[in-house]
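Visitor: build the 3D model from these lines:
(one chain, ligands or ions: 2)
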Amino acid sequence: MKIVVKFGGSSLASAEQFKKVADIIHADPHRRFVVPSAPGKRFDGDTKVTDMLYGCYDLAEAGKDFDGALADIKARYDEIIEGLGLDLTLDKEFETIHEQFRLKAGRNYAASRGEYLNGIVLANYLGFEFVDAATVIRFDDAGNFEADRTDLILSSRLKDVEYAVVPGFYGAQDDGVVTTFSRGGSDITGSIVAKAVHADVYENWTDVSGFLVADPRIIKNPEAIEAITYKELRELSYMGASVLHEDAIFPVRKEGIPINIRNTNKPDDLGTWIVESTCRKPKHTITGIAGKKGFASINIEKDMMNSEIGFGRKVLQVFEDNNLSFEHMPSGVDTMTVFVHQSEFEHKEQQVISGIHRAVHPDLLDLESGLALIAVVGRGMRDTRGVASKVFNALASANINIKMIDQGSSELNIIIGVKEKYFEDAIKVIYDAFITNAAPAK
Ligand SMILES: Nc1ncnc2c1ncn2[C@@H]1O[C@H](COP(=O)(O)OP(=O)(O)O)[C@@H](O)[C@H]1O
Ligand SMILES: N[C@@H](CC(=O)OP(=O)(O)O)C(=O)O
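Guide: Numbers count the residues shown, from 1 in each chain. Ligands and ions are numbered 1, 2, ... in the order given. Predicted coordinates:
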């Protein structure tokens with residue numbers, strides 16, 4: 001039995017948190033491979049070490065004095081080392097980092113040091129081997145992750161290792177240039193390590209007792225989900241449920257390794273099981289709700305649009321020509337709407353508008369910004385009638401106007417578009433309709 005454990009920044013923010021982490025690891029000798037993030041926030045309003053590193057490097061890159069900012073980062077680690085009573089100093093590592101910042105080694109290198117240093121401290125504290133992720137996680141020259149090569153290198157490196165710490169979030173190209181995943185990417189490293197060592201379980205330890213039905217910053221004390229499929233989870237994390245990085249599913253999914261989301265502060269809670277498939281009947285019709293703000297829609301109208309063969313393709317070609325991906329595209333007989341990320345679209349909007357005019361000569365074209373998309377996800381929806389009408393009724397009774405509703409053909413999710421100002425309220429009323437006021441299961 002092999003367990004890979006990833007601890008997020010919130011679990012490693014202070015010496016006190018490190019102690020909880022060590023207790024968890026020592027409680028089960030099968031917890032053999034540990035993937036730490038950089039120290040996160042110790043309290044509301046605190047700054048994650050990764051953000052401190054970005055800020056410090058920006059000063060260095062601008063040719064400004066960064067000594068003070070780097071000293072603040074070192075102080076975070078020294079506080080942890082001292083609190084744990086370790087005979088360890090990071091003086092040498094910080095000298096190297098100072099020199100590399102002066103030489104403008106890059107933002108990725110800068111950000112990666114958070115996990116690198118935390119890995120050294122954690123390995124020392126646990127008495128585990130430290131395996132620098134730069135030696136085992138491979139990126140190509142363009143900065144894309146190389147899954148197959150990494151799997152070969154990592155599995156052979158860890159083959160005869162009993163207990164190891166592999167820092168999350170970064171790796172390197174063949175020439176040694178350090179590269180990172182996107183923010184929250186230590187979750188991906190954990191998944192890659194789990195695949196490479198053929199783990200039985202990938203435990204992802206955080207500061208909540210599992211994947212919750214909705215974002216706890218919007219819903220007070222939401223229920224935790226007992227079991228969720230990879231597919232459902234992918235929909236929810238893509239739509240903003242940030243507890244697990246949206247790409248962390250792929251490596252373990254290939255091997256059918258379950259992920260168990262756990263709470264470092266409440267280690268006895270069972271957390272959430274993320275599995276390929278399950279016979280367990282979901283407790284509610286819906287498994288989870290997630291959403292994101294920051295969308296814009298392009299509404300196109302033209303009489304007889306439906307009979308014009310190639311209309312949709314021509315419209316989408318304009319988005320492709322402008323290197324824009326689209327999020328959703330609901331359509332009616334004479335209308336078609338394309339949802340895009342507002343931040344990507346804004347500076348290209350006029351090219352897109354003129355492109356659509358030239359391509360399909362619409363009767364009317366207008367834009368709407370400041371939209372939010374909400375995903376209501378659940379494998380139980382397929383066998384239940386009236387899910388969409390329940391969503392409609394909940395929103396209508398709260399006077400929330402629905403801009404768009406789109407049900408995927410898998411019947412695994414319903415996407416709803418609303419004005420951003422209704423985002424939080426919309427999630428609350430949907431949560432109440434399906435969870436708080438749910439009829440007891442028969
Ligand atoms: N559906 C959800 N379930 C659980 N947590 C969620 C959900 N949506 C958003 N979150 C947020 O995700 C946070 C955990 O993710 P993250 O901050 O990346 O943790 P870590 O520091 O452990 O990596 C929670 O504290 C919570 O605020
Ligand atoms: N430290 C990196 C990577 C990471 O995964 O962190 P966390 O596990 O705290 O979300 C970040 O802040 O993005």
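Visitor: which residues of the chain lie near ligand 1?
Guide: Within the chain, the positions adjacent to ligand 1 are 8-11, 37, 40, 184, 206-208, 211-212, 214-217, 241-243 by C-beta under 6 Å from any ligand atom. Any C-beta I mention is one placed from the backbone N, CA and C, and that applies to glycine too.
Visitor: nearest residue to D72 other than its sequence neighbours?
Guide: M52 (6.4 Å; C-beta to C-beta, 6 or more residues apart in numbering).
Visitor: okay but the one you found is in contact with A69, surely?
Guide: Yes. Under the criterion of C-beta atoms under 8 Å, M52 makes contact with A69 at 7.0 Å.
Visitor: what's the burial count for the closest residue to ligand 2 within the stretch 201-350 of the chain?
Guide: Proximity of the stretch 201-350 of the chain to ligand 2 (C-beta to the nearest ligand atom) peaks at H245, 6.8 Å away. Neighbour count of H245, defined by other C-beta atoms under 10 Å: 22.
Visitor: OK, contacts around it?
Guide: F181, S182, G184, G185, S186, D187, I188, S237 (C-beta atoms under 8 Å, 6 or more residues apart in numbering).
Visitor: I'd like the distance between the first one and S37.
Guide: When you say that, I think you mean F181. Distance of F181 to S37, given as C-beta to C-beta, to the nearest Å: 11 Å.
Visitor: so these two - more neighbours on which side?
Guide: In this comparison of F181 against S37, neighbours counted by other C-beta under 10 Å, the higher total goes to S37 at 30 against 23.
Visitor: could you measure the more buried one against S397, distance?
Guide: S37 is 42 Å from S397, by C-beta to C-beta.
Visitor: which residue, neighbours along the chain excluded, lies closest to the residue of the chain found nearest ligand 2?
Guide: For the chain, the residue closest to ligand 2 is G9, as judged by C-beta to the nearest ligand atom, at 2.7 Å. Among residues not flanking G9 along the chain, G40 sits closest, at 2.4 Å (C-beta to C-beta, 6+ apart).
Visitor: wait, that neighbour touches K48, no?
Guide: Yes. Using C-beta under 8 Å, G40 is in contact with K48, at 5.0 Å.
Visitor: neighbour-wise, which of those two wins?
Guide: Using other C-beta under 10 Å as the criterion, G40 and K48 rank with G40 on top: 24 against 20.
Visitor: for the more buried one, helix, strand, or coil?
Guide: coil (DSSP: H, G, I helix; E, B strand; the rest coil).
Visitor: check contacts around G291.
Guide: M239, G240, A372, L373, I374, A375, F423, A426, I427.
Visitor: give me the local confidence score for the nearest residue to E223 once chain neighbours are set aside.
Guide: Spatial nearest neighbour of E223, excluding adjacent residues (C-beta to C-beta, 6+ apart): V213 at 4.9 Å. What the model reports as pLDDT for V213 is 96.
Visitor: mind listing the helices for the chain?
Guide: 15-26, 49-61, 67-84, 91-102, 107-126, 147-158, 186-196, 230-238, 249-255, 311-321, 342-345, 349-360, 387-397, 423-431 (DSSP state H).
Visitor: burial of the nearest residue to D23 once chain neighbours are set aside, as a residue count?
Guide: In space, and not counting its chain neighbours, D23 is closest to P267: 7.6 Å by C-beta to C-beta, 6+ apart. Burial of P267 is recorded as 15 neighbouring residues (other C-beta under 10 Å).
Visitor: right, and P267 touches A22 too?
Guide: No. Contact criterion C-beta under 8 Å: P267 and A22 do not qualify, at 11.7 Å.
Visitor: let me see the contact set for the residue lying closest to A134 once chain neighbours are set aside.
Guide: Nearest residue to A134, sequence neighbours excluded (C-beta to C-beta, 6+ apart): A172, at 3.9 Å. The contact partners of A172, taken as C-beta under 8 Å, 6+ apart, are A133, A134, T135, I137, R138, F139, V178, T179.
Visitor: do the same with V121
Guide: Going by C-beta under 8 Å, 6+ apart, the list of residues near V121 reads F18, Y77, I80, I81, L84, L86, L88, L90.
Visitor: would you mind measuring from it to I97?
Guide: For V121, the distance to I97 - C-beta to C-beta - is 14 Å.
Visitor: again with T287
Guide: According to C-beta to C-beta, T287 stands 43 Å off from I97.
Visitor: those two: who's more crowded?
Guide: Neighbour count, other C-beta under 10 Å: between T287 and I97, T287 has more, with 27 against 24.
Visitor: how about that one: what's its closest non-neighbour residue?
Guide: Closest residue to T287 apart from its sequence neighbours, by C-beta to C-beta, 6+ apart: G378 at 4.1 Å.
Visitor: okay, now that neighbour: neighbour count?
Guide: G378: 27 surrounding residues under other C-beta under 10 Å.
Visitor: what distance do you get for it to A69?
Guide: 46 Å.
Visitor: which residues touch the residue lying closest to V387 once chain neighbours are set aside?
Guide: Leaving out its chain neighbours, the residue that sits closest to V387 by C-beta to C-beta, 6+ apart is M381, at 4.9 Å. By C-beta under 8 Å, 6+ apart, the residues touching M381 are T285, I286, V387, E411, L412, N413, I414.
Visitor: sort out for me which of those residues are in strands.
Guide: The strands, defined by DSSP state E, take in N413, I414 from these.
Visitor: surely the residue of the chain closest to ligand 2 touches R42?
Guide: No. Using C-beta under 8 Å, G9 is not in contact with R42, being 10.0 Å away.
Visitor: tell me which of those two has more neighbours.
Guide: G9 (26 against 17).
Visitor: how about the residues of the stretch 1-150 of the chain near ligand 2?
Guide: For the stretch 1-150 of the chain, the contact set with ligand 2 under C-beta under 6 Å from any ligand atom comprises G8, G9, S37, A38, G40, K48, T50, G114.
Visitor: CSV for these, including pLDDT?
Guide: Below are these laid out as CSV (pLDDT from 0 to 100):
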residue, pLDDT
G8, 98
G9, 98
S37, 98
A38, 98
G40, 98
K48, 98
T50, 98
G114, 98
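Visitor: just the closest of those residues to ligand 1, please.
Guide: Ligand 1 lies nearest to G8 out of those, by C-beta to the nearest ligand atom, at 1.9 Å.
Visitor: neighbours of that closest one, how many?
Guide: Per other C-beta under 10 Å, the neighbour tally for G8 reads 25.
Visitor: for it, give me phi and psi.
Guide: The phi/psi pair for G8 (degrees, to the nearest 10) reads phi -80, psi 170.
Visitor: what's the closest non-adjacent residue to it?
Guide: Spatial nearest neighbour of G8, chain neighbours left out: T206 (4.7 Å); criterion: C-beta to C-beta, 6+ apart.
Visitor: list the contacts of the one you found.
Guide: Contacts of T206 (C-beta under 8 Å, 6+ apart): G8, S10, S11, V243, I261, R262, N263, T264.
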